[in-house]
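**Student:** Need coordinates for the below:
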Amino acid sequence: MATPNPAPKHFTLTYPQEYVAHVEINRPAKMNAFFEEMWLEMRTLFDALSHSPDTRAIILSGAGPRAFTTGLDVKAASTGLLNPDSDGLDPARKAAHLRRHISSFQDCISAIERCEKPVIVAMHGFALGLAVDIATAGDVRLCAADTKFAVKEVDIGLAADIGTLSRLPKVVGNFGWVKEVALSARVFGAEEALRVGFVSGVFEGKEGVLKAAGSIAGLIASKSPVAVGGTKEILNWSRDRSVEDGLRYTSVWNSAALQTTDVSAALLSGIQKRKPTFEKL
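**Tutor:** Here you go, the predicted model:
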């Protein structure tokens, strides 16, 4: 299987099934809290998987029993992102430097959404702050029954700026609920996350949620990679646009994609009652 070069230091990458990549945040001693090197590495990893012909679906989870991720490593951030070295710059120049830093951070998380392959986010334990940014950039969200979520940024004096405030309202379709949890930073559990549509399934323990994620990922990976990639692209593009614009984009996209041999392979396998196989993309 294709592996990013260099191999990731703070993530593990395995292939538990054919065409299914499992990316695991691997800093369990710190409850998978992120510092700058990690989010830069995550962008590199997802960009590589996006173009990997050996990957058709991705599972993203956290190592260890306690957390998917507790978000930003505040101690590390306090000497970097949250406390940038001014070097005697005036406020406008300080702001320009900080804006570039935030934009780069945002892009690292957006790499999950930008990835051409569907990403299933499997959460357990604590999923705080940056965890919600990461999850909303994914395509499918699942969690264990013990998962504790929070949009935590106001508790450290920030407005969440890496994606949650832009994506979460679109994910759940409930602006009032999003404002409540974002303004209060209160913890909410798996049942509430399921009720509002933040997650699409709740399972018993970490093992249960990973098993469910593997089942969904395997099913997706069995489909035409042309069709799956096109479906993700069109759904994401249409989310922020009118139905008319979405239909037009779909017609342009499919004018190319419909020329694939996968359509005839899928139709013929249905007639012959056999499982279709598709070429790598």
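**Student:** Tell me the spacing between Ser200 and Gln106.
**Tutor:** 25 Å (Cβ to Cβ, to the nearest Å). Bear in mind the C-beta positions are built from the backbone N, C-alpha and C, glycine included.
**Student:** So those two - more neighbours on which side?
**Tutor:** Neighbours per residue, other Cβ atoms under 10 Å: of Ser200 and Gln106, the larger number sits with Gln106, 17 against 14.
**Student:** Can you tell me the closest non-neighbouring residue to the more buried one?
**Tutor:** Ile162 (5.5 Å; Cβ to Cβ, 6 or more residues apart in numbering).
**Student:** thought that neighbour was touching Leu130?
**Tutor:** Yes. Ile162 is within contact range of Leu130, at 6.5 Å (criterion: Cβ atoms under 8 Å).
**Student:** all strands for this structure, in order.
**Tutor:** With DSSP state E as the definition, the chain shows strands at residue ranges 11-17, 20-25, 57-62, 67-69, 119-123, 126-128, 140-144, 148-150, 188-189, 201-203.
**Student:** Which strands or helices does the longest one pack on?
**Tutor:** Based on contacts counted as 3 or more Cβ pairs under 8 Å, 6 or more residues apart in numbering; DSSP states H and E, the elements that strand 11-17 packs against are strand 20-25, helix 36-50, helix 205-221.
**Student:** Which one of those lies nearest to Val121?
**Tutor:** Between Val121 and the helices and strands packed on strand 11-17, the tightest spacing by Cβ to Cβ is seen for helix 205-221, at 8.2 Å.
**Student:** what comes up buried for that closest one?
**Tutor:** Within helix 205-221, the residues that count as buried by 16 or more other Cβ atoms under 10 Å are 206, 208-210, 212-214, 216-218, 220-221.
**Student:** Can you tell me which of those residues is closest to Trp237?
**Tutor:** Closest approach between the buried residues of helix 205-221 and Trp237, by Cβ to Cβ: Ile220, at 19.0 Å.
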